[in-house]
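Chemist: sequence first, predicted coordinates after that:
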Amino acid sequence: MNDLDRFREKFENERDEYHPDNYRLLQRHFRKIANNAKLSDRTRENHYITLTRFGKWCKKPFGELTEDDILDYCEYLANSKRIVKGKQVKYNASTLYYYKSGLKRLLKDIKPELCKSLEIKTVSKIKAPSDMLTEEEIEKLLDACLNARDRALISTAYESGARRKELLSVKIRHVTFDQNGAVLFIPDSKTFERRVRLVFSSSYLRAWLDVHPRKNDQDAPVFCSLRSPFNVISHMGIVDQLKDLEKRSGIKKHLTMHLFRHSAATKMAKHLTEQQMKIALGWQPNSGMASVYVHLSGKDIDNAILKMNGIDTEEEDTNNKLKVTKCPRCREIQDSKASFCFKCGLPLNKEFSENIDSDFQQVTKNIIDFNDPDVKAQLLEFLTKNK
């Protein structure tokens, strides 16, 4: 059962909490959105969340609603509270927009003349650069992950900037590895299918697919639940994992899948053209989103001012914490901090390599000092072959 099925079942089980006429109108409305192919499951879920809230609050038939009723409900929302990190806080502007927009969709269907009573202030979804996840915070999140799946999910979400629904649509057959990392094909998008190049996250993705519970099934979802039958992880499953990661990592930012997309776009804006960003992030050619992130990054104006003052702007980016390296033996892409190649086991850290060589020399010396010539010869031959 997916999240949408659970919302539908909850609505049916709580029938007695609604005015009978209102229940039938909501039931009809939900049937209409269920048959609207243009809507995503998440949008349908939002209809259930916002409208069941209003349906339980409203004690009179929807057909008798007045402007005063709508204003009363808006006041009720403004005074409502929720628990955030153990404290009761009032709904923020985004939450109020969310509930009012849901109600407006219903009013358009049953009493359109009341729509003007709803004052809805558009909330900007663009965050300030300081609100984005930094590379240091991504490292903390990866260190806080308890399994390979979560490391793959976090790193891929940050590097690709893909939408939540897009990532969850990816199956094992949509991932291809090559000498430069991996290519992710996104088959289900609100705009268009596309391929995404992954470099840093490719090693985490390969490590996860090596232990994936359905790795021999090419149609299995890449990001699945860790419980049998290992179907795609649910939206609430991701929400719960991100909450746990917030606590374990100590990061003071509210983690959502869309924050990873915002953060990826902010980073890309410093290196890609607007057209390249539109392709990479799945924006329509006429979208203005890329220019917004380029503007926030300050890349164009910073470079112009630095150049005006005679400062070279073509220097290598030394602040990149999420660097990769290639294993000199198998050429597999690795996290630059890795001590050993996850594929062939070669030591990648100079200190580890020197310690292993030192240990090998000591073992060899001990064997040479061994008295039995036959055993000595066999051990030396074995060590030489397996060095």
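Modeler: Done, it's in. Numbering: from 1, shown residues only.
Chemist: please list all residues in contact with residue 17.
Modeler: 55-56 (Cβ atoms under 8 Å, 6 or more residues apart in numbering). All C-beta spots, glycine's among them, are computed from the backbone N, C-alpha and C.
Chemist: from residue 215, how far off is residue 149?
Modeler: 12 Å (Cβ to Cβ, to the nearest Å).
Chemist: quick one: which of the two has more around it?
Modeler: residue 149 (23 against 12; other Cβ atoms under 10 Å).
Chemist: doesn't the more buried one belong to a helix?
Modeler: Yes. Counting by DSSP: H, G, I helix; E, B strand; the rest coil, residue 149 is part of a helix.
Chemist: what's around the closest residue to it other than its chain neighbours, how many residues?
Modeler: Leaving out its chain neighbours, the residue that sits closest to residue 149 by Cβ to Cβ, 6 or more residues apart in numbering is residue 208, at 5.3 Å. Residue 208 has 22 neighbouring residues, counting by other Cβ under 10 Å.
Chemist: what does residue 208 show for phi and psi?
Modeler: The phi/psi pair for residue 208 (degrees, to the nearest 10) reads phi -70, psi -50.
Chemist: my guess is it meets residue 145, correct?
Modeler: No. The pair residue 208 / residue 145 is not scored as a contact, 10.4 Å apart, by Cβ atoms under 8 Å.
Chemist: C-alpha coordinates for the stretch of helix or strand residue 47 belongs to, PDB please?
Modeler: Using DSSP states H and E, residue 47 falls within helix 41-57. Taking Å, rounded to 0.1, in the frame of the first residue of the first chain, the C-alpha atoms of helix 41-57 are listed here in PDB:
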ATOM      1  CA  ASP A  41       0.500  11.200  -6.700                       C
ATOM      2  CA  ARG A  42       2.100  13.800  -4.400                       C
ATOM      3  CA  THR A  43      -0.400  16.500  -5.600                       C
ATOM      4  CA  ARG A  44      -3.200  14.000  -5.100                       C
ATOM      5  CA  GLU A  45      -1.900  13.400  -1.500                       C
ATOM      6  CA  ASN A  46      -1.900  17.100  -0.900                       C
ATOM      7  CA  HIS A  47      -5.500  17.300  -1.900                       C
ATOM      8  CA  TYR A  48      -6.300  14.700   0.800                       C
ATOM      9  CA  ILE A  49      -4.200  16.400   3.500                       C
ATOM     10  CA  THR A  50      -5.600  19.900   3.000                       C
ATOM     11  CA  LEU A  51      -9.200  19.200   2.200                       C
ATOM     12  CA  THR A  52      -9.800  16.500   4.900                       C
ATOM     13  CA  ARG A  53      -8.600  19.100   7.400                       C
ATOM     14  CA  PHE A  54     -11.200  21.600   6.100                       C
ATOM     15  CA  GLY A  55     -13.900  19.000   5.900                       C
ATOM     16  CA  LYS A  56     -13.600  18.000   9.500                       C
ATOM     17  CA  TRP A  57     -13.500  21.700  10.600                       C
END
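Chemist: starting at the chain centroid, how far to the host helix or strand of residue 33?
Modeler: Per DSSP H and E, residue 33 falls inside helix 20-34. Chain-centre distance of helix 20-34: 33 Å, with Cα atoms, centre = their mean, to the nearest Å.
Chemist: what's it in contact with?
Modeler: 8, 11, 15, 18, 39, 43-44, 47-48, 51-52, 55, 58, 61-63, 106, 109-110.
Chemist: just stretch 290-302 next, same as before
Modeler: Taking Cβ under 8 Å, 6+ apart as the rule, stretch 290-302 contacts 126, 128-129, 265-266, 268-270, 274-275, 277-278, 281, 283, 313.
Chemist: check stretch 35-52 too.
Modeler: Applying Cβ under 8 Å, 6+ apart, the contact partners of stretch 35-52 are 2-4, 7-8, 10-11, 14, 26, 29-30, 33-34, 98-99, 101-103, 105-106, 164-165, 190, 235.
Chemist: okay, now residue 82: neighbour count?
Modeler: If you count neighbours by other Cβ under 10 Å, residue 82 ends up with 11.
Chemist: likewise for residue 205?
Modeler: Residue 205 is flanked by 24 other residues according to other Cβ under 10 Å.
Chemist: residue 212 versus that one, what's the distance?
Modeler: From residue 205 to residue 212 the distance is 10 Å (Cβ to Cβ).
Chemist: who touches both of the two?
Modeler: Residues touching both residue 205 and residue 212 (Cβ under 8 Å, 6+ apart): residue 222.
Chemist: so residue 259: helix, strand or coil?
Modeler: Of the three states, residue 259 takes helix according to three-state DSSP.
Chemist: now it: closest residue in space, sequence neighbours ignored.
Modeler: Leaving aside its sequence neighbours, residue 259 sits nearest to residue 133 (Cβ to Cβ, 6+ apart; 6.3 Å).
Chemist: domains in the protein, by residue range?
Modeler: Domain segmentation of the chain under automatic domain parsing yields 3-117, 132-308, 350-385.
Chemist: could you pick out the buried ones from the contacts of stretch 35-52?
Modeler: 3-4, 7-8, 11, 26, 29-30, 33, 98-99, 102-103, 105-106, 164-165, 235 (16 or more other Cβ atoms under 10 Å).
Chemist: which of these fall within helices?
Modeler: Mapping those onto helices (DSSP state H) picks out 3-4, 7-8, 11, 26, 29-30, 33, 98-99, 102-103, 105-106, 164-165, 235.
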